[in-house]
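Participant: Give me the fold of what follows.
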Amino acid sequence: MKFNTKTIHGGQKLDPAYGSVMPPIYQTSTYAQTTPGGHKGYEYSRSSNPTRTALENSLASIENGNYGLAFASGLAAIDAIIKLFEPGDEVISTSDLYGGTYRLFTSIFEKFGIKFNFIGMENASNIENYMNDKTKLIWVETPTNPMLNIIDINAVATIAKKHDILLAVDNTFATPYLQQPLDLGADIVMHSATKYLGGHSDLVMGGLIVKDKNLADRLYFIQNASGAVCGPQDSFLALRGIKTLHIRMQRHCENGKAVAHFLKKHPNIENVYWPGFESHPNHHIAKEQMKDFGGMVSFTTKGNNYEEAIKLVENLKVFTLAESLGGVESLAGHPASMTHASIPKEEREKTGVVDSLIRLSVGIEDEDDLIADLKQAIG
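Facilitator: Numbers count the residues shown, from 1 in each chain. So this is what the prediction gives:
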């Protein structure tokens, strides 16, 4: 089954009760048992729910995995991964990453004795310099948030396998429409399904997908024991969103390309970050491991001026100034004061998250309207 078909049919089956084409919303916390332990596969909705199961099967299908797990948020999914480890273990993470992930790593798990090494991974061989017998996980975002750096998943997977450690890839920006990390050697794929998978800015959810049964069982145990699961209504909405992922991503990519090229030519714009440019570092890797270059574009205004950047995002009319990304509507954000505010300024600026940086989630509106909006806001 090819990807476009998987988004609609992958892992799905008709409802056995009435043949419902869409999985029903099983809005229940518990299930009747004929005798203690005698049930039809479900006993309590923290452990499992038929609507969530349908979503988890879909997640596994579109990422070419065997097991999917749906969580209450992307951070809850990441939390479950780090709970695989013990005090004294170490994680190597890309240094350019979502601020919430950085905060979870440093403000929560470092207190429990897990050490995080944040490094640039544009050259995968750099990872070897931080590897030791305590290293248990490599954490990768690609494209990264918000600088859109590209990391060679296959090269990192080779290093992880050499040292017999896990590789987890945050695939939120790319989605499985553009790249499938499990096929490139990753052990775990993570999604903030809030973003492109849901696609309509109406839910908060996370997902994990793996191939290995033992790893899946360990994560399922953590999910059930910790309880950070999503509800059936959000599961239904995410399933509905996934069914149009392929056609939405086509338009996101088309509009992202148009916006990136417009910004690159504008005299008041200093730098534009978009992996589709031949001048972009690791552009050749993006071409190899991605189907297209996505709908995320970041840029800086001339002079690294905080006030100018704030004025620009406040003047936008079609783009909405808001947190998050991946919805059908175009969004603009100021990472230094919004999504990445939890990262200390000195650390932020090492990775390029300066005060003049603006991140765009380019939606599926008409590209002429989006460019006209940027033109009037930039001045």
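Participant: Show me the domain layout of this structure.
Facilitator: Here the domain parsing of the chain from automatic domain parsing is 3-88+131-139+152-242, 245-378.
Participant: Any chance of a markdown table for those domains, columns mean pLDDT, distance to Pro146 and mean neighbour count?
Facilitator: All C-beta spots, glycine's among them, are computed from the backbone N, C-alpha and C. Shown next, in a markdown table, are the domains of the chain (pLDDT from 0 to 100; distance: least, CB to CB, whole Å; neighbours: other CB atoms under 10 Å):
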| stretch | mean pLDDT | distance to Pro146 | mean neighbour count |
| --- | --- | --- | --- |
| domain 3-88+131-139+152-242 | 97 | 9 | 19 |
| domain 245-378 | 96 | 4 | 19 |
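Participant: As JSON lines, the ones you listed with distance to Asn123 would be great.
Facilitator: Compiled in JSON lines, the domains of the chain are given as follows (distance: least, CB to CB, whole Å):
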{"stretch": "domain 3-88+131-139+152-242", "distance to Asn123": "9"}
{"stretch": "domain 245-378", "distance to Asn123": "9"}
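Participant: Those domains: which one's closest to Asn145?
Facilitator: Ranking the domains of the chain by proximity to Asn145 (CB to CB) places domain 3-88+131-139+152-242 first, at 6.4 Å.
Participant: now the helices for the stretch 201-350 of the chain?
Facilitator: 213-226, 232-242, 245-265, 283-289, 306-315, 345-350 (DSSP state H, counting those that start in this stretch).
Participant: So which of the domains of the chain is nearest Gly120?
Facilitator: domain 245-378 (7.9 Å).
Participant: Kindly check the end-to-end length of the closest one for me.
Facilitator: By CA to CA, to the nearest Å, the extent of domain 245-378 from end to end equals 31 Å.
Participant: oh, and call the first residue 16 from now on, that's how I've got it
Facilitator: Renumbered: residue one is now 16, and that last one reads domain 260-393.
Participant: and it, how far from the chain's centre?
Facilitator: Domain 260-393 has its C-alpha centroid displaced from the chain centroid by 16 Å (CA atoms, centre = their mean, to the nearest Å).
Participant: need the contact list for the residue nearest to Thr150 when sequence neighbours are not counted.
Facilitator: Leaving aside its chain neighbours, Thr150 sits nearest to Glu105 (4.8 Å; criterion: CB to CB, 6 or more residues apart in numbering). By CB atoms under 8 Å, 6 or more residues apart in numbering, the residues touching Glu105 are 129-132, 147, 149-151.
Participant: got a list of what the closest residue to His355 other than its chain neighbours touches?
Facilitator: Leaving aside its sequence neighbours, His355 sits nearest to Gly114 (CB to CB, 6+ apart; 3.8 Å). When contacts are counted by CB under 8 Å, 6+ apart, Gly114 touches 350, 354-358.
Participant: Please report the distance of the nearest residue to Asp249 once chain neighbours are set aside from Gln42.
Facilitator: Among residues not flanking Asp249 along the chain, Leu218 sits closest, at 4.5 Å (CB to CB, 6+ apart). According to CB to CB, to the nearest Å, Leu218 stands 15 Å off from Gln42.
Participant: same thing with Gly34?
Facilitator: Gly34 is 20 Å from Gln42, by CB to CB.
Participant: of the contacts of Glu105, closest to Glu71?
Facilitator: Lys151 (25.0 Å).
Participant: helix/strand/coil for that closest one?
Facilitator: Classification of Lys151 using DSSP: H, G, I helix; E, B strand; the rest coil returns strand.
Participant: And the nearest residue to it once chain neighbours are set aside, what's its pLDDT?
Facilitator: In space, not counting the residues next to it along the chain, Lys151 is nearest to Asp104; the distance is 4.5 Å by CB to CB, 6+ apart. Asp104 is assigned 98 on the pLDDT scale.
Participant: all strands of the stretch 266-394 of the chain, in order?
Facilitator: For the stretch 266-394 of the chain, the strands defined by DSSP state E, counting those that start in this stretch occupy 284-288, 311-316, 335-336, 346-348, 372-376.
Participant: For the nearest residue to Lys258 once chain neighbours are set aside, give me the backbone phi and psi.
Facilitator: Among residues not flanking Lys258 along the chain, Ile23 sits closest, at 5.1 Å (CB to CB, 6+ apart). Main-chain torsions, Ile23, degrees, to the nearest 10: phi -100, psi -40.
Participant: And Ile23, how close does it get to Met16?
Facilitator: From Ile23 to Met16 the distance is 10 Å (CB to CB).
Participant: what does Ala95 give?
Facilitator: Where Met16 is concerned, Ala95 sits at a distance of 28 Å (CB to CB).
Participant: Could you do Ile262 as well?
Facilitator: Counting by CB to CB, the gap from Ile262 to Met16 is 17 Å.
Participant: Okay, the most centrally placed residue in the chain and Lys176: tell me how far apart.
Facilitator: The centroid of the chain falls nearest to Thr187 when counting by CA atoms, centre = their mean (1.9 Å). Separation of Thr187 from Lys176 (CB to CB) stands at 24 Å.
Participant: same deal with Ser73?
Facilitator: For Ser73 relative to Lys176 (CB to CB), the value is 28 Å.
Participant: swap in Lys55?
Facilitator: Distance of Lys55 to Lys176, computed by CB to CB: 40 Å.
Participant: same deal with His215?
Facilitator: 38 Å.
Participant: Then Ile358?
Facilitator: Relative to Lys176, Ile358 is positioned 30 Å away (CB to CB).
Participant: Please apply the same query to Asp370.
Facilitator: Asp370 is 40 Å from Lys176, by CB to CB.
Participant: likewise Asn144?
Facilitator: Separation of Asn144 from Lys176 (CB to CB): 18 Å.
Participant: residue contacts, Gly271?
Facilitator: 289, 291, 308-312, 377.
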